[in-house]
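Asker: sequence and computational prediction follow.
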Amino acid sequence: MSKYILKKEKVVDALNALGNANAVYIPVKNKRGLVEYKELGRDAAAADAKFDCRPDVPPKAILFPQTQVLFTFKKVDGKIEVVPTEPDDREKIIFGVRPCDAIAIAVMDKVFIGGKFVDTYYKARRERTAVISIACDGPADSTCFCPSTGGSPAATEGSDVLLYDVGDSYYVEVVSDKGRKILESLSASLETPSPEQEKRKDEIVRKAEAAEGFTRSITAESISKLDSSFDSKYWDDVSRRCLSCGACTYYCPTCHCFDINDEPGRKRVRTWDSCQFSNFTMHTSSHNPRTAKAQRLRNRYYHKFKYSKDNTGRYLCVGCGRCIALCPAGLDITKVISEVK
Ligand code: SF4
Ligand code: SF4
């Protein structure tokens, strides 16, 4: 595995150099004070990048936009003619991704392009996207619990390059060929790690492997209670606090449900949807199998920790903690799972 050093004082130049040939997305503070990924040179300047936190908003919209026109259509000589949307075929780099969000991209890959049916819109973006992540030196936020879901603050899954913050520099580890090619374009800015920098990086990996500093967790034993708690009254009790706002799903890096509508202007549009919304499961017949808030809340937990695990072998949660940090009702996924009975 190739290793380099990128001095922090050279990061702005490196980002701008990458931005010359790619659409580069970096985490910056938005007008509401939340850290989210914005495009360099268009919505953000390299000097404004915030690499010292887990961004409030995950990078999922770069690959799976919140609103996406799939195609337009018009009537020509009495027949419907479909006009495909111009694909966004720019090479993209998401820079400064946290390992939980990189794993979430791997999870989304499985959903959109890993099975029998391939989502061509997601595929087109994903094939042109590289992920440069920064390992966390312990939990990036008090709400994090990635080790409980099979992740780690220094996990490489989903990343093409992994950076480690070793003080005045980033220790740079190549993870994939895609990452190697990107680093070739930065070779003039890269140096060789010193023994002290190797040691500091090893310490970050050691802490990550030991899951040091995490105050939240979900145990396999708690999750196994889902096997027998489907009809529990607990779901009625806990759902009383839920506002059905859907924030937990919109801010979740792995939630991927969407709706498709034809809109004025003869556009077929895909938009994010949420299993927490009352009409999410509304059938055309007007029958709705999940009319109660408790059913919808329960579904989210079952989908994350049981259905997904049963069907794909992995949880649909990477332990980023955003649904805990951003739920207006203070619902904590780790607490709900540990208290279910
Ligand atoms: S963010 Fe909280 S209040 Fe909103 S739908 Fe999710 S659990 Fe309910
Ligand atoms: S369910 Fe919550 S903790 Fe898990 S990945 Fe989604 S937002 Fe993060």
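Answerer: That came in fine, so what should we check first? Ligands and ions are numbered 1, 2, ... in the order given.
Asker: can we go C-alpha only for contacts and neighbour counts from here?
Answerer: Fine.
Asker: how close does residue 102 sit to ligand 2?
Answerer: For residue 102, the distance to ligand 2 (CA to the nearest ligand atom, to the nearest Å) stands at 11 Å.
Asker: how about the residues of the stretch 101-250 of the chain by ligand 2?
Answerer: residue 248 (CA under 6 Å from any ligand atom).
Asker: can you give me the helices in the stretch 101-250 of the chain?
Answerer: For the stretch 101-250 of the chain, the helices defined by DSSP state H, counting those that start in this stretch occupy 120-127, 177-184, 195-209, 220-224, 234-239, 247-250.
Asker: which other residues reach the first one?
Answerer: The list of residues contacting helix 120-127 from outside it, by CA atoms under 8 Å, 6 or more residues apart in numbering, reads 63-64, 70, 87-89, 112-113.
Asker: look up phi and psi at the nearest residue to residue 185 once chain neighbours are set aside.
Answerer: Nearest non-adjacent residue to residue 185, counting by CA to CA, 6 or more residues apart in numbering: residue 18, 7.8 Å away. The phi and psi values for residue 18, taken as degrees, to the nearest 10, are phi -60, psi -30.
Asker: re the thing from before, tell me which of the contacts of helix 120-127 is nearest to ligand 1?
Answerer: residue 64 (20.2 Å; CA to the nearest ligand atom).
Asker: how near is the closest one to ligand 2?
Answerer: Residue 64 is 15 Å from ligand 2, by CA to the nearest ligand atom.
Asker: so what pLDDT did residue 86 get?
Answerer: The model reports residue 86 with a pLDDT of 87.
Asker: got it, and residue 320?
Answerer: Per the predicted model, pLDDT is 98 at residue 320.
Asker: residue contacts, it?
Answerer: Here residue 320 is in contact with 100-101, 143-146 (CA under 8 Å, 6+ apart).
Asker: export these to TSV and tack on distance to ligand 1 and neighbour count?
Answerer: Compiled in TSV, those are given as follows (distance: CA to the nearest ligand atom, whole Å; neighbours: other CA atoms under 10 Å):
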residue	distance to ligand 1	neighbour count
100	19	34
101	19	26
143	14	21
144	16	25
145	17	28
146	19	25
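Asker: what is the end-to-end distance of stretch 44-54?
Answerer: 18 Å (CA to CA, to the nearest Å).
Asker: nope, stretch 267-284 is what I was after
Answerer: One end of stretch 267-284 to the other measures 21 Å (CA to CA).
Asker: check whether it contacts ligand 1.
Answerer: Yes - counting by CA under 6 Å from any ligand atom, ligand 1 is contacted by stretch 267-284 at residue 276.
Asker: quick one: buried residues of that stretch?
Answerer: Residues of stretch 267-284 classed as buried: 267-270, 272-281 (neighbour count, 16 or more other CA atoms under 10 Å).
Asker: which two from those end up farthest apart in space?
Answerer: 267 and 276 (26.1 Å; CA to CA).
Asker: mind putting the buried residues of stretch 267-284 in CSV, pLDDT included?
Answerer: Shown next, in CSV, are the buried residues of stretch 267-284 (pLDDT from 0 to 100):
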residue, pLDDT
267, 95
268, 96
269, 97
270, 97
272, 98
273, 98
274, 98
275, 97
276, 97
277, 96
278, 94
279, 93
280, 94
281, 94
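Asker: among those residues, which one sits closest to residue 2?
Answerer: residue 272 (38.6 Å).
Asker: list the residues that contact that closest one.
Answerer: 66-67, 250, 256-259.
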